[in-house]
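Peer 1: Just to be clear, the model below is a prediction. Sequence and coordinates:
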Amino acid sequence: MSQAPDKVGMMKRRTNLLPHAPSLSEVTWYHNGIAHRVRIASSADLVAFERQMDGHWESFSPDPMSECFVSAAMVLSDEVWSEFSRQLPAHVQDYLSLFKFERLEALAVVSQSPELLADLDQYPALTGFLAAHVTLRGTWGARWTEISAVYGRAGLFGVLEWLGLPASQQTLAVLGRIVDPELPRYLLSPIRAALWEPESLFLLQRSESLTEQDLATRCHPLAA
């Protein structure tokens, strides 16, 4: 007498044969009625920022402080970000894990200036200044190619100077003491101003760690 097939065993074997759910390789959002996306790049680049024009996807140079990124934040849930970011190299994921609210902005910085990643790992608070370089320098549009050229020519101190920060070890020491690298945008200019003031710089250097509240108390009045 033949035995009934092992249904449990068959189900397990069939389950093992099911394909895994596809990984999320791009995130799409709309801004001003235009589709934008960031996708894992097939080239040596980490990701590509693109927008749809006349039915075709065209790359664009991202400005992380623009309203376009505000629109992106509306669809970039923790789940979506987790699925997307796991496609990136592990060392990039480690760096991005420092950011929660402006993680796409941080990705834009490191994808456009990958040569700076080692320095950003050491001084992650510098990310906000790079992300806001259009505003801080008063330029029209992002200048990632120029940042790369400055870094190649003069290293990290050259980038600090280009951003309007004092090109000194003292500046790096203060940046290294900032507890949360996700600096509020309203504090960037005041911090930059404080770093040029000898007395303020001395007080900032004396702190073993600098919280957002510390920075707001010691730097923000200088913006007036």
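Peer 2: Cool, the structure landed. Just so you know, these numbers come straight off a predicted model, no measurement behind them.
Peer 1: which residues touch the nearest residue to Gln87 once chain neighbours are set aside?
Peer 2: Excluding its sequence neighbours, the residue lying closest to Gln87 (C-beta to C-beta, 6 or more residues apart in numbering) is Ile40, at 4.7 Å. Every residue, glycine included, has its C-beta placed from N, CA and C. Contacts for Ile40 (C-beta atoms under 8 Å, 6 or more residues apart in numbering) come out as 25-26, 46-47, 84, 87-88.
Peer 1: Kindly report the same for Tyr123.
Peer 2: So Tyr123 contacts 172, 175-176 (C-beta under 8 Å, 6+ apart).
Peer 1: Phi and psi next, for the residue minimising distance to the centre of the chain.
Peer 2: Note on the chain: the residue nearest the mean C-alpha position is Ala106, at 0.4 Å, using C-alpha atoms, centre = their mean. Note on Ala106: backbone dihedrals following degrees, to the nearest 10 are phi -60, psi -40.
Peer 1: give me every residue that touches it.
Peer 2: Here Ala106 is in contact with 95-96, 98-99, 127, 131 (criterion: C-beta under 8 Å, 6+ apart).
Peer 1: Tell me where this protein has strands.
Peer 2: 26-31, 34-40, 47-53, 56-59 (DSSP state E).
Peer 1: Same question for the longest helix along the chain: list its buried residues.
Peer 2: Counting by DSSP state H, the longest helix found in the chain is helix 144-162. By neighbour count with 16 or more other C-beta atoms under 10 Å, helix 144-162 contains the buried residues 144, 147-148, 150-151, 156-160, 162.
Peer 1: start to end distance for stretch 41-55?
Peer 2: 20 Å (C-alpha to C-alpha, to the nearest Å).
Peer 1: Show me what it is in contact with.
Peer 2: Here stretch 41-55 has contacts from 34-40, 57-62, 88-89, 92, 107-108, 110-111, 114, using C-beta under 8 Å, 6+ apart.
Peer 1: Let's see if you can find the most crowded of the contacts of Ile40.
Peer 2: Val47 (25 neighbours; other C-beta atoms under 10 Å).
Peer 1: Now distance to Glu79 and mean pLDDT too, for the strands of the chain, in JSON lines please.
Peer 2: Formatted as JSON lines, those follow (distance: least, C-beta to C-beta, whole Å; pLDDT from 0 to 100):
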{"stretch": "strand 26-31", "distance to Glu79": "11", "mean pLDDT": "95"}
{"stretch": "strand 34-40", "distance to Glu79": "16", "mean pLDDT": "95"}
{"stretch": "strand 47-53", "distance to Glu79": "18", "mean pLDDT": "95"}
{"stretch": "strand 56-59", "distance to Glu79": "24", "mean pLDDT": "95"}
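Peer 1: So which of those is the most surrounded?
Peer 2: Per residue and on average, the most neighbours among the strands of the chain fall to strand 47-53, with a mean of 18 (mean count of other C-beta atoms under 10 Å).
Peer 1: quick one: that one to strand 34-40, angle?
Peer 2: 160 degrees (axes from the mean of the first three to the mean of the last three C-alpha atoms, to 10 degrees).
Peer 1: tilt between strand 47-53 and strand 26-31?
Peer 2: On the basis of the same axes, to 10 degrees, strand 47-53 is oriented at 40 degrees to strand 26-31.
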